[in-house]
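Visitor: Coordinates for the following, if possible.
(one chain, ligands or ions: 3)
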Amino acid sequence: MLIVQKFGGTSVGDTDRIKNVANRIKGYHERGVQVIVVVSAMGHTTDELIDQAAKLNPDPPRREMDMLLSTGEQISMALMAMALEAVGVPAISFTGAQIQILTDGHHSNARIRDVDTTRLKESLAQKKVCIVAGFQGIDEKQEIMTLGRGGSDTTAVALAVAMHADECEIYTDVDGVYTTDPNKVQGARKIPQISYEEMLELASMGAGVLHNRSVELASKFGVTVHVRSSFNHNPGTLVVPEERIMDMEKITVRGVSLKSDQARISALDIPDRPGLAAGVFGKMAESNVNVDMIVQSSGHGGKNTISFTVPSASVGTARGLLEGFIKEIGGGNITVEENIAIVSAVGVGMKSHSGVAATMFQALARENINIDMISTSEIKISVVVSNTQARQALAAVHAAFGLDGNA
Ligand code: ADP
Ligand code: ASP
Ligand code: MG
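Guide: Ligands and ions are numbered 1, 2, ... in the order given. Here you go, the predicted model:
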């Protein structure tokens, strides 16, 4: 039996916690289970490295940023290997480069293309526990790449796929995936099983418990992901194919998520002609600006308005690109609304239930929360609200769908 176990930042936050994890791994090793461990950087290391870089350069070269951030995981992997050796478990650590986690060339947001399993297989055959640095790989030019914030989850799933692991466990600081962030809404409840589709939407819309690309990968290759706590032995949440979940008919909304620190950019009174949206969003894509919700009003008088949301960190870039574009096409105005947030309700049950949108809007109306933008898909409804009312909106929507454990 082969298991991939990923331990997040809090789980390896200090040497006591690393010891605790090492003992946990020891239990598996002693039962003859082959273990590949993926580690994140300790505690808030990645944030601290980012802060240090910002003090030296407001716009650090992306290559050097990846060089810097990849060091966080290297500290934890070596410490974990030492902790395992200290409790009598043979272990060896590897960087992404050493096991050829091959990625594309997008610094700070690279995608994994391939993993060379040779060294892992050799070490497992020697009865060693393999520790792999999460969140990093190398491109074809041997440059170090990172996978995007939270990317260690994706390393774990990629290794589970490449090694045909029997299980992929993601150990974190909560008991599993909850109906919403349990650190934001008190009544949030643990979900025993969730479909890939729902988990992907929740992760993409702010549920940071799993990196969205890890879910994408798990879904593509049918890997069951078990999200659980490194602080206890409770069963966590299984992320599985939709057909394996039996209560599909009953539950309409599986979970609610919040994406804070977003901005809305609108291009007003731009000429209404074919290719305009393609032009705007083509430019955003070229510059790696992550656009989320897009709303275009129906044009009149030959003019149109397009609004979209981007993460606050990208608002400067997005605004600059849009200003350039408006000059090119000859007309229009830009408005920017910072400090907005997106609240989303997600559930595959929405496909067969009506009135879900109404329930969500009524819940917000009762709280006197204004909705700025709305977008829907088959299994998701998202609304833009002000950042200051975001938590209140999240709690209201969560309760309105009967997800609250306190209800
Ligand atoms: P790790 O360092 O272990 O990867 P993260 O901080 O990335 O941990 O993810 C765990 C956190 O995700 C939790 O502490 C919780 O605040 C947050 N979170 C957001 N949405 C959810 C959710 N629906 N269920 C559980 N946790 C969530
Ligand atoms: N250390 C990285 C981060 O903080 C990757 C991860 O923890 O998954 O984003
Ligand atoms: Mg994480």
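Visitor: Count the residues that sit near G320.
Guide: Look at G320: counted by other C-beta atoms under 10 Å, it has 12 neighbours. C-beta coordinates here come from the backbone N, C-alpha and C atoms, glycine included.
Visitor: Assign a three-state SS to it, would you?
Guide: Here G320 is helix, with the state taken from DSSP: H, G, I helix; E, B strand; the rest coil.
Visitor: okay, it: pLDDT?
Guide: Per-residue confidence at G320 stands at 93 (pLDDT).
Visitor: go on, the one 10 residues further on?
Guide: The score at G330 is 80. That number is its pLDDT.
Visitor: ditto for M248
Guide: Predicted confidence (pLDDT) for M248: 53.
Visitor: Repeat that for E85.
Guide: Confidence score, pLDDT, at E85: 98.
Visitor: ok, and the closest non-adjacent residue to it?
Guide: A91 (5.8 Å; C-beta to C-beta, 6 or more residues apart in numbering).
Visitor: and the one you found, how far is that from V256?
Guide: Plainly put, A91 is 40 Å away from V256 if you go by C-beta to C-beta, to the nearest Å.
Visitor: Give the residue from these two that has the larger number of neighbours.
Guide: For A91 and V256, the more surrounded residue by other C-beta under 10 Å is V256, and the numbers stand at 33 against 24.
Visitor: Tell me what that one is bridged to.
Guide: With DSSP bridges as the criterion, V256 is bridged to A345.
Visitor: what residues are up against I36?
Guide: Counting by C-beta atoms under 8 Å, 6 or more residues apart in numbering, I36 makes contact with L2, I3, V4, Q5, L120, L124, V129, C130, V132, L159, M163, A165.
Visitor: same thing with E378?
Guide: M350, K351.
Visitor: The closest residue to ligand 3 within the stretch 101-250 of the chain: what secondary structure?
Guide: Here the stretch 101-250 of the chain gets closest to ligand 3 at one residue, G150, 4.1 Å apart by C-beta to the ion. Judged by three-state DSSP, the three-state class of G150 is coil.
Visitor: I191 and I3: what is the separation?
Guide: 22 Å.
Visitor: neighbour count winner among the two?
Guide: Between I191 and I3, counted using other C-beta under 10 Å, I191 has the larger neighbour count: 23 against 19.
Visitor: For that one, give me its contacts.
Guide: I191 touches G176, V177, Y178, T179, T237, R254, G255, counting by C-beta under 8 Å, 6+ apart.
Visitor: picking up where we left off before, just confirm the residue nearest to E85 contacts V129, I think it does.
Guide: Yes - judged on C-beta atoms under 8 Å, A91 makes contact with V129 at a distance of 4.4 Å.
Visitor: Now do the shared contacts for these two.
Guide: Counting by C-beta under 8 Å, 6+ apart, the common neighbours of A91 and V129 are L84.
Visitor: buried ones in the host helix or strand of L68?
Guide: Assessed by DSSP states H and E, L68 sits inside helix 62-86. Neighbour-count burial for helix 62-86, counted by 16 or more other C-beta atoms under 10 Å, picks out 65-66, 68-74, 76-77, 79-81, 83-84.
Visitor: Nearest to T305 among the residues you listed?
Guide: Distance to T305, by C-beta to C-beta, is smallest for M65 among the buried residues of helix 62-86, at 35.6 Å.
Visitor: OK, contacts around that closest one?
Guide: Contact partners of M65, counting by C-beta under 8 Å, 6+ apart, are A53, H107, S108, T146.
Visitor: pLDDT score assigned to it?
Guide: Taking M65 on its own, its pLDDT is 98.
Visitor: thinking again about what came up before, in helices, which of the contacts of M65 fall?
Guide: Among those, the residues falling in helices (DSSP state H) are A53.
Visitor: what's the neighbour count on the residue lying closest to V310 once chain neighbours are set aside?
Guide: Excluding the flanking residues, the one nearest V310 by C-beta to C-beta, 6+ apart is A318, at 4.8 Å. Number of residues near A318 (other C-beta under 10 Å) recorded here: 24.
Visitor: A318 is in contact with R264, isn't it?
Guide: No - using C-beta under 8 Å, A318 is not in contact with R264, being 10.4 Å away.
Visitor: average pLDDT for stretch 23-42?
Guide: Average pLDDT, stretch 23-42: 98.
Visitor: Pull out the buried residues from that stretch.
Guide: Buried residues in stretch 23-42, counting neighbours by 16+ other C-beta under 10 Å, are found at 24-26, 28-29, 33-42.
Visitor: So which of these reach ligand 3?
Guide: Filtering these for proximity to ligand 3 by C-beta under 5 Å from the ion leaves nothing.
Visitor: Just give me the closest of the residues you listed to ligand 3.
Guide: Of those, the one sitting nearest to ligand 3 (C-beta to the ion) turns out to be S40, at 6.7 Å.
Visitor: so who does that closest one touch?
Guide: 6-9, 11-12, 46, 72-73, 76, 134-135, 152.
Visitor: can you put those in TSV and add distance to ligand 2?
Guide: Formatted as TSV, the contacts of S40 follow (distance: C-beta to the nearest ligand atom, whole Å):
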residue	distance to ligand 2
K6	8
F7	10
G8	6
G9	5
S11	10
V12	10
T46	3
G72	5
E73	6
S76	9
G134	5
F135	4
S152	3
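Visitor: which of these come close to ligand 1?
Guide: Residues of these in contact with ligand 1 (C-beta under 6 Å from any ligand atom): G8, G9, S11.
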